[in-house]
Structures are given as C-alpha cells and as structure tokens.
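Novice: Can you look at this prediction? I've put the sequence above it.
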Amino acid sequence: MRPVVIIPVYNEEETLAQVLTEVRRHTAAPIVVVNDGSTDGSARILQRSLPGIEVITHAQNEGYGQSLIDGFAYAIREGFDVAVTIDCDLQHEPRLIPRFLEVAPSFDIVSGSRYHPDAPGDQDPAPPDRQRINAEVTRIINDLTGYHLTDAWCGFKAYRVAGLARMNLDERSYGLPLQVWLQAARLGLTATEIPVPRIYKNPDRRFWGGLDDPAARRTYYLSIIDREVSRWRNSS
C-alpha cells in the first residue's frame, strides 16, 4: 500500500513547521502540501522544509475544496493507493495517521469523528453554531446516503485513491466534504469513522467568503446538498 499525506495550507506560518515535523515523525509517507495562495510566511517555510515534501502552489487563494481536489489529483496521477488528508491548524493530531492507515485497507473512506462515542472525554467545547450546523448537516447526509456518520465535517480522513478517481469533485470551498459523501454513496463506496480528539485552538477562526455568519453558512451547505442530489437524480 502506497500512502500519501495531503495538507492544505492557507496562511499557516504559525503552525506549518510544527505540523510538517509531526507528520514526518509519525509516517514515512510522501507529503504533498497545497499552498493555497498564502500571503504570510508559509511559502518561505516550505522552501526550507523537510525533504520528501512536494509543494503545489496556487498563485491566488482558490479555496479549501480546490486545495484538496488538487491534492487528490496528484495522488491519482502519481499512482498512490491511499491519501490521508490532515489540516494544518493543529486541530488534527498527526500521531493518529498510523491508525488511519491501519484501517484504510478495509474501507474506501476512513473519516475522523470528533463526536464519536469513543472520542476522548477531555475535549475542547465546539463553538455552539458549528456544533448545531454540524449535527443538522450530518443528519441530512445520513438520511440521503445510508451512512451512519457522527461527524460529516472532520477533514482528517484516509481515502482509497481508486475511489477518489471515480468522483467528479468541483466544490472549491468548505463544502467539499458534503460533495464527497454524496458522491461516495452514489458510487457505493464504503465508509467508517474512527474517534479523534475535538481540538479548537482558535474557536474564532474565520471561514472567509462571507461564511462567518452561521445562517449564511447553513444556506451554503444546504445548497451543495441540493445541487448534488439533483445531479444524482439526473444521472440515474
């Protein structure tokens, strides 16, 4: 099994070096960083980073979803078997990467869950609006897909690259996970969750793109679901 670790980066100069060091400590897998038009010192850090790191650079900010899509395309093109995605803001613990890789051969998607019944008890409290929207959207995704998710949003995942190659992903912003779940279900892909800590280093972190407002964020997420359901119906 050939794994690769994909890390989307946008203005992460405060955490980038630490995350790269921790990821390398816990896996020898190649790392691909997608620098999504960072305007801080992230690019300089990447220039002097550890060996074995491939950098994809966006000239301007194209969105979290597009960063993952480009990372997936790299994994497909280079013939990797499994792609692990991990965020760069210290909300995901690289020490858990081996656990994801252990489970990955048995499922098309292994997704971290901060709300799993076996998740650690000493968790950071989630901002109320995020927890409320997460719960609502996760319930809708479960109803539409037949999955039994407890956390539709966690970006800490392992994917079989063969499954990614069958998807047609084009959601450039934060709603990409919803598109992934709906397309995965349509393709009959298998999924499971593993518990991960709920860590909020910066609960006031911005979403950008006008999505700081919870009502706007909810409307945006529901629009993605509606669009994917329409595509699903039109293709059947």
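Specialist: Perfect, thanks for sending it.
Novice: Spell out the secondary structure type for L189.
Specialist: Under DSSP: H, G, I helix; E, B strand; the rest coil, L189 falls in the coil class.
Novice: That one touches G163, doesn't it?
Specialist: Yes. Here L189 lies in contact with G163, judged by Cβ atoms under 8 Å, at a distance of 4.9 Å. In this view, the C-beta of every residue, glycine as well, is placed from N, C-alpha and C.
Novice: Spell out which residues are contacts of both of these two.
Specialist: D108, I109 (Cβ atoms under 8 Å, 6 or more residues apart in numbering).
Novice: Tell me where the protein has helices.
Specialist: For the chain, the helices defined by DSSP state H occupy 16-26, 42-47, 64-77, 97-103, 128-145, 161-164, 176-186, 214-235.
Novice: now the angle from the fifth one to helix 214-235?
Specialist: Compare the direction of helix 128-145 with that of helix 214-235 by axes from the mean of the first three to the mean of the last three Cα atoms, to 10 degrees and you get 10 degrees.
Novice: For helix 128-145, name the packing helices and strands.
Specialist: With contacts taken as 3 or more Cβ pairs under 8 Å, 6 or more residues apart in numbering; DSSP states H and E, helix 128-145 sits against helix 176-186, helix 214-235.
Novice: contacts for the last one?
Specialist: Helix 214-235 is contacted from outside by 129, 132-133, 136-137, 140-141, 144, 171, 173-175, 178-179, 182-183, 186, 207, 210-211, using Cβ under 8 Å, 6+ apart.
Novice: got the CA positions of that helix in CSV?
Specialist: Backbone C-alpha positions of helix 214-235 (Å, rounded to 0.1, in the frame of the first residue of the first chain) are rendered in CSV as follows:
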residue,chain,number,x,y,z
PRO,A,214,-23.9,30.9,10.7
ALA,A,215,-27.1,31.4,8.7
ALA,A,216,-25.2,32.1,5.5
ARG,A,217,-23.0,29.1,6.2
ARG,A,218,-26.0,26.8,6.7
THR,A,219,-27.6,28.1,3.5
TYR,A,220,-24.4,27.4,1.6
TYR,A,221,-24.1,23.9,2.9
LEU,A,222,-27.7,23.1,2.1
SER,A,223,-27.3,24.4,-1.5
ILE,A,224,-24.4,22.0,-2.0
ILE,A,225,-26.6,19.1,-0.9
ASP,A,226,-29.4,20.2,-3.1
ARG,A,227,-27.1,20.5,-6.1
GLU,A,228,-25.6,17.1,-5.6
VAL,A,229,-28.9,15.4,-5.1
SER,A,230,-30.2,17.0,-8.3
ARG,A,231,-27.1,15.7,-10.2
TRP,A,232,-27.6,12.3,-8.6
ARG,A,233,-31.2,12.1,-9.8
ASN,A,234,-30.4,13.5,-13.3
SER,A,235,-27.7,10.8,-13.8
